[in-house]
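**Student:** here is a sequence together with a model predicted from it:
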2 protein chains.
Amino acid sequence: MTLEQIMVKMTFDRWNALMKQFNTVLESLSDEQLQQEISPGRNRGIYLLGHLTAVHDSMIPLLDLGEKLYPEMEETFLRQPDRAAAQMPSAETLRHAWQQVSAVLDGHFAQMQPSDWFLKHTAVSTEDFANEPYRNKLNIIVTRASHLAYHLGQFILIR
Amino acid sequence: MTLEQIMVKMTFDRWNALMKQFNTVLESLSDEQLQQEISPGRNRGIYLLGHLTAVHDSMIPLLDLGEKLYPEMEETFLRQPDRAAAQMPSAETLRHAWQQVSAVLDGHFAQMQPSDWFLKHTAVSTEDFANEPYRNKLNIIVTRASHLAYHLGQFILIR
């Protein structure tokens, strides 16, 4: 294995394991349970699901893979806290959106070569990337895996 | 930057950011608040602090940096769930242990070269490592950063 292959495998082993754990918990919860809070007065499961969907949807343009599937979710799940939105999508709608975003990302990831991951992502300029080569596409997976782990630790608190 | 340097920086930027966030929350909580649960019926803050201390202490032998500082914590915080131990160390004792383990790890990390991180950790044999070069020391940081993020997401729920 090349060093690039090693790093991509280390990063995706973590990402895929976290996605699998999250999906296992998600599938174990009913739509009613998703309305529950992770802890009294804190975010509801449905908000966390929407938040993760919106963050992962943002990875599509960040990784130069196309446009967001659900740009309208940004306002409700990235800019606003839970319970601020006048209308919250249904659990069914959010489950579907989560699956769609996950499928689109997986489809693109399967076609990428290890070296592709060390190219710049779209939020850094060519000039800055020359001096900061760690601001690459793989780092988007590293940081979003960390974000996913953080919220997975909360999501499993729902009963 | 070499590819090794890039990968070490990506990994440690995440690890250090998570450690900083955890320490900020820890310092904001009183010893009394650490006795609270993250959610009704779930782990107490003090257990999570001991659990993270024991897991990070285990990184010392895994990275071939020496012996654990607190081997006696394994029983209470790795093998048993919260409230199973007859005696729980005080919050003061656990804060001190957490700082000691963090300081020892940081001291070793500062002396390591990028290439050191791509050597095998102690839980994999030389034979297996030849075929599975991703089971290196850096992968210990990758997986423990994910573990830390998971529990950080819970730890911030304590008020």
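**Tutor:** Noted; the coordinates are in hand.
**Student:** get me the contact residues on chain A for chain B.
**Tutor:** For chain A, the contact set with chain B under C-beta under 8 Å from any C-beta of the partner chain comprises A:1, A:3-4, A:6-7, A:9-11, A:13-14, A:18, A:38-40, A:42, A:118, A:133-134, A:136, A:138-139, A:142-143, A:145-147, A:149-154, A:157. In short, each C-beta sits where N, CA and C put it, glycine included.
**Student:** which residues in chain A form helices?
**Tutor:** Taking DSSP state H to define them, one finds helices in chain A at A:3-28, A:45-62, A:73-74, A:91-111, A:126-131, A:137-155.
**Student:** I figured residue A:62 hits residue A:123, correct?
**Tutor:** Yes: here residue A:62 reaches residue A:123: they are 6.0 Å apart, a contact under C-beta atoms under 8 Å.
**Student:** tell me which of the two has more neighbours.
**Tutor:** residue A:62 (16 against 11; other C-beta atoms under 10 Å in any protein chain shown).
**Student:** tell me which of the helices of chain A sits nearest to residue B:128.
**Tutor:** helix A:3-28 (14.4 Å; C-beta to C-beta).
**Student:** want to throw the helices of chain A into CSV with mean pLDDT?
**Tutor:** Output for those, formatted as CSV (pLDDT from 0 to 100):
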stretch, mean pLDDT
helix A:3-28, 98
helix A:45-62, 98
helix A:73-74, 96
helix A:91-111, 98
helix A:126-131, 98
helix A:137-155, 98
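**Student:** so which of the ones you listed is nearest residue B:52?
**Tutor:** Across those, closest to residue B:52 is helix A:137-155 (C-beta to C-beta), at 11.8 Å.
**Student:** any idea how far the closest one is from the chain center?
**Tutor:** 7 Å (C-alpha atoms, centre = their mean, to the nearest Å).
**Student:** buried set for that helix?
**Tutor:** A:137-142, A:144-155 (16 or more other C-beta atoms under 10 Å in any protein chain shown).
**Student:** same thing with stretch A:36-46?
**Tutor:** The neighbour-count check on stretch A:36-46 (16+ other C-beta under 10 Å) flags A:37, A:38, A:39, A:42, A:43, A:44, A:45, A:46 as buried.
**Student:** what's the span of it, first residue to last?
**Tutor:** 8 Å (C-alpha to C-alpha, to the nearest Å).
**Student:** find the centremost residue of chain A, please.
**Tutor:** Centroid-nearest residue in chain A: residue A:56, 3.0 Å away (criterion: C-alpha atoms, centre = their mean).
**Student:** so that residue touches residue A:100, yeah?
**Tutor:** No: assessed by C-beta under 8 Å, residue A:56 is found out of contact with residue A:100, at 10.2 Å.
**Student:** leaving out the residues flanking it, which one is nearest to residue A:45?
**Tutor:** Nearest non-adjacent residue to residue A:45, counting by C-beta to C-beta, 6 or more residues apart in numbering or on different chains: residue A:34, 4.0 Å away.
**Student:** thanks a lot, catch you later.
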